[in-house]
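K.L.:
Predicted model and sequence follow; I will ask about them next.
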Amino acid sequence: MSITLKKLIAELNKDLEWEYSSAIQYIQHASLIKGAQYKSIQPELIVHSQEEMQHAVMISDQISFLGGTPTVDVEKRQAAGDSLTMLKQDLEGEDIAIQRYKERIVQAEKLGEFGLRRVLEDILLQEEEHKRDLLGVIEE
């Protein structure tokens, strides 16, 4: 599939929707998570939320730079009643983000948007770190 600047901006806006919803979901989960085995991850979920909002700012800036308008829409996320399911939902969100950013990096490269590619690579590194944090608790 060939990529155009217009399509790239649309995909970045969808990434932005996911970033907004991830930040919200992490805040909710940090507030609701219970159990001694999850005590170490609770403050980390707040850090993840803050980093997701940083990603949103970075993506918004790139969309604007490319001539687009950053979205205010938020992707639908899941809510759960138990702590383990919450963390699995967070992990699912990270898997989606990792896949989407890998795709976006390739697209940016194809369009010669090397600055955008670098920004996306930085975001991808943090998303992979989030995944490792969550796996460390889920797999214990």
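P.N.:
In hand now; what should we look at? Numbers count the residues shown, from 1 in each chain.

K.L.:
show me where this structure has strands.
P.N.:
Counting by DSSP state E, one finds no strands in the chain.

K.L.:
And the helices in it?
P.N.:
For the chain, the helices defined by DSSP state H cover 5-32, 42-65, 83-110, 114-138.

K.L.:
Distance to residue 71 and mean pLDDT added to these, as a markdown table?
P.N.:
Every residue, glycine included, has its C-beta placed from N, CA and C. Shown next, in a markdown table, are those (distance: least, Cβ to Cβ, whole Å; pLDDT from 0 to 100):
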| stretch | distance to residue 71 | mean pLDDT |
| --- | --- | --- |
| helix 5-32 | 4 | 97 |
| helix 42-65 | 8 | 97 |
| helix 83-110 | 14 | 97 |
| helix 114-138 | 17 | 97 |
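
K.L.:
Rebuild these as a markdown table, extending it with distance to residue 72 and mean neighbour count.
P.N.:
Listed next are the helices of the chain as a markdown table, based on distance: least, Cβ to Cβ, whole Å; neighbours: other Cβ atoms under 10 Å:
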| stretch | distance to residue 72 | mean neighbour count |
| --- | --- | --- |
| helix 5-32 | 8 | 19 |
| helix 42-65 | 10 | 18 |
| helix 83-110 | 19 | 18 |
| helix 114-138 | 20 | 17 |
